[in-house]
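Visitor: After the sequence you'll find the predicted model.
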Protein chains: 2
Amino acid sequence: MKPALPFVLPVSKKLRAEALLQWNDRTKPLGSLGRLEAVTADVCAVQATLQPVTSPKSVVLFAADHGVARLGVSAYPQEVTRQMAANFVGGGAAINVLARYQQANLEVVDVGICGEPVPGVLNRRVCQGTRNFLEIAAMTDEEMVKALEVGLVRANAAAAKGTVIVAAGEMGIGNTASAAALLCLLTGADSHDAVGRGTGVDDEGLMRKRAMVQQAVERHSACRNNPEAALAAVGGLEIAALCGFYIGAAANKMVIVVDGFICTVAALVACRISPAVRDYMLFGHQSAEQGHKLALGALNAEPLLQLDMRLGEASGAALAFSIIDASVLLFLQMATFSAAGVSTAR
Amino acid sequence: MKPALPFVLPVSKKLRAEALLQWNDRTKPLGSLGRLEAVTADVCAVQATLQPVTSPKSVVLFAADHGVARLGVSAYPQEVTRQMAANFVGGGAAINVLARYQQANLEVVDVGICGEPVPGVLNRRVCQGTRNFLEIAAMTDEEMVKALEVGLVRANAAAAKGTVIVAAGEMGIGNTASAAALLCLLTGADSHDAVGRGTGVDDEGLMRKRAMVQQAVERHSACRNNPEAALAAVGGLEIAALCGFYIGAAANKMVIVVDGFICTVAALVACRISPAVRDYMLFGHQSAEQGHKLALGALNAEPLLQLDMRLGEASGAALAFSIIDASVLLFLQMATFSAAGVSTAR
């Protein structure tokens, strides 16, 4: 079963080049703002303008549970997914602080948390958690498509409000195991390299987690290099929603700031399904989670921040909003050599 | 001649440890905010409190000219120092945009620009540019001390206004050559490794610059490992002012955010003169200028951002203000596990 997905156009290479050229008129040595110059050019290309804007911004969190969480792949019990969804609504999580700091709208979406729905969380449950992917596919094709559509609709909703930059985040105990299995199926990575400590399993837990991911990859090896099938087999409801969100955001020509390991794997699935989505993506940070480097490499992506964060919740992406804001303001507000009466290089 | 310098006390190791411990109550996996946790602990230690603050902030730019600039060590002519000082006053430089974005006060100080004083720039000229350090010491001891005191007084002035975080920046055509020579004299680094392209000299210019720095290091080799003497011999008026500013900022218990290559070399001089100054320092970014890694290494410093910037003007430090702000807000505003009803790790 194939989802009905919007068509995503590549961004304007011409505008990107024009933006880079325009940087050279600003009163600074050529190229001296380094990656900030490229960031602005990327934003210009997405927005098809040399007058880029960075607000309104939106952060959307997708939360769901994982069948494998009951097998001890996480340092935290499964109910933490639900508890943290409540914490997001209560305003006490890291992403709440960061969204306020960045003046970004924050939305929390339940794509399949176990137990009673959490008041204040947008209820878009497909089912209560995925199945144990060691035994069977985590989702049916139908569930995967529904979860993907949840993300797609949230992207459309953000665009309808005029949002120009989005970050998505996830909450789901067990989801680094799911993302690692997905990464292995899509890139051929070794489970030993793709599996890290997630929220902090100990050495024994890490060995168990690696073995389980390896087992899942072998069990579902028929899905290798098939993004939709792999997503259904070993993915999560929130990972499918992220994937749909990224495709929807690109279709709506919003700048996407990708967060850490799980989000980057979801981004990889999205780009495998619809390669032009990659043009709309900036990568917020390099997570301390071990598999993130592999996932970034598969997307030829260089993250903006390297701060050893590994929290999820879009926290690294939201922090990187500052770099994007500053880049665009510099581009728009710096004086030109001629206007400021400054001599150019010899 | 020794400058009259304030005494700098080390920060509280106990408060730093307490802050790190308090992070563990916040609703997130242990250690998952990575370097943000250490940044907050550093701020807590400097401010001797578990209720850290990050404003008011101040950026002070020190500008001066260099005798060696006339020998072709830069891609830009010497008059650009003066022109850029005017641009800072006019509001069109990168640091103007970033200071506005970060709501930081901005002050521009002329420690020794050549030519007519620039209206709007605080005139604290010691002399009009340094001497050519290939022939003679760049500054007399008296000039060096006066420049150092200019920085010290600006730090006191910032403190008197209630400033809690400061960044300093520099403008001075030729000053990467001066900083490279200083770095070689203080660390024994090879001039080949310490000298980079600065604002962008070509291959031939780079070879010439390396040879000159090597010549200066040999000429003034008696100053090896003597911070004051090396500063006078091959430093710059703005580098001496930066050094005094850092010592003064630490004496006033302000958090210091060090900018790129030249500032880090000035920070190294300050820490060699008064080692406790290091406790007050965060490092804004890893510059693309080749010698910066060596200078950071000599201070055992890990910068917050790696964005291939090489602009100076405190631009990297000012950009890093966002990371510090966000770290402190997270520390102050995140919910505890018990308050949010979230289960802790197993």
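Guide: Done, it's in. Here the structure is a predicted model, which is why all the values come from computation and not from measurement. Numbering: from 1, shown residues only, chains lettered A, B, ... in the order given.
Visitor: Tell me which residue in the stretch 101-250 of chain A sits closest to chain B.
Guide: A:Thr199 (3.8 Å; Cβ to the nearest Cβ). The way it works is simple: take the backbone N, C-alpha and C, and place the C-beta from them, glycine included.
Visitor: who are the neighbours in contact with the nearest residue to that residue once chain neighbours are set aside?
Guide: Excluding the flanking residues, the one nearest A:Thr199 by Cβ to Cβ, 6 or more residues apart in numbering or on different chains is B:Pro29, at 3.8 Å. With contact taken as Cβ atoms under 8 Å, 6 or more residues apart in numbering or on different chains, B:Pro29 is in contact with A:75-76, A:199-200, A:310-311, B:345.
Visitor: Try it again at 10 Å.
Guide: Contact analysis of B:Pro29 by Cβ atoms under 10 Å, 6 or more residues apart in numbering or on different chains lists A:74-76, A:80, A:197-200, A:310-312, B:344-345.
Visitor: Can you name the next helix or strand after the helix or strand containing A:Val213?
Guide: For A:Val213, the enclosing helix or strand under DSSP states H and E is helix A:203-219. Next along the chain after helix A:203-219, taking DSSP H and E as the criterion, comes helix A:227-234.
Visitor: list the helices and strands that next one packs on?
Guide: Counting by 3 or more Cβ pairs under 10 Å, 6 or more residues apart in numbering or on different chains; DSSP states H and E, the packing neighbours recorded for helix A:227-234 are helix A:141-160, helix A:175-187, helix A:203-219, helix A:237-251, helix A:261-273.
Visitor: Doesn't A:Gly31 lie inside a strand?
Guide: No - counting by DSSP: H, G, I helix; E, B strand; the rest coil, one finds A:Gly31 to be coil, located in no strand.
Visitor: just checking, it touches B:Ala75?
Guide: No - using Cβ atoms under 10 Å, A:Gly31 is not in contact with B:Ala75, being 11.4 Å away.
Visitor: what residues are shared contacts of the two?
Guide: Common neighbours of A:Gly31 and B:Ala75 (Cβ under 10 Å, 6+ apart) are B:199-200.
Visitor: A:Ala167 and A:Thr54: what is the separation?
Guide: Noted for A:Ala167: a distance of 12 Å to A:Thr54, by Cβ to Cβ, to the nearest Å.
Visitor: Same question for A:Leu183.
Guide: Counting by Cβ to Cβ - A:Leu183 and A:Thr54 are separated by 30 Å.
Visitor: okay, these two: which has more neighbours?
Guide: Legend: neighbour count by other Cβ atoms under 10 Å in any protein chain shown for A:Leu183 and A:Thr54, higher for A:Leu183 (30 against 20).
Visitor: And the closest residue to A:Asn225 other than its chain neighbours, how close does it get to A:Glu228?
Guide: Distances taken as Cβ to Cβ, 6+ apart place A:Leu186 nearest to A:Asn225, at 6.4 Å, with adjacent residues excluded. A:Leu186 is 11 Å from A:Glu228, where distance means Cβ to Cβ.
Visitor: what's the overlap in contacts for the two?
Guide: What both A:Leu186 and A:Glu228 touch, as defined by Cβ under 10 Å, 6+ apart, is the set A:269, A:272.
Visitor: Enumerate every residue touching A:Ser178.
Guide: Per Cβ under 10 Å, 6+ apart, neighbours of A:Ser178: A:64, A:66-69, A:73, A:130, A:133, A:138, A:172, A:213, A:216, A:231, A:234-239, A:262, A:265.
Visitor: pLDDT score for it?
Guide: In this model, A:Ser178 is scored at 97, pLDDT.
Visitor: Then A:Met1?
Guide: So A:Met1 comes in at 62 (pLDDT).
Visitor: how many other residues sit next to A:Ala230?
Guide: Per other Cβ under 10 Å, the neighbour tally for A:Ala230 reads 26.
Visitor: Quick check, it in contact with A:Arg219.
Guide: No - here A:Ala230 lies out of contact with A:Arg219, judged by Cβ under 10 Å, at a distance of 11.9 Å.
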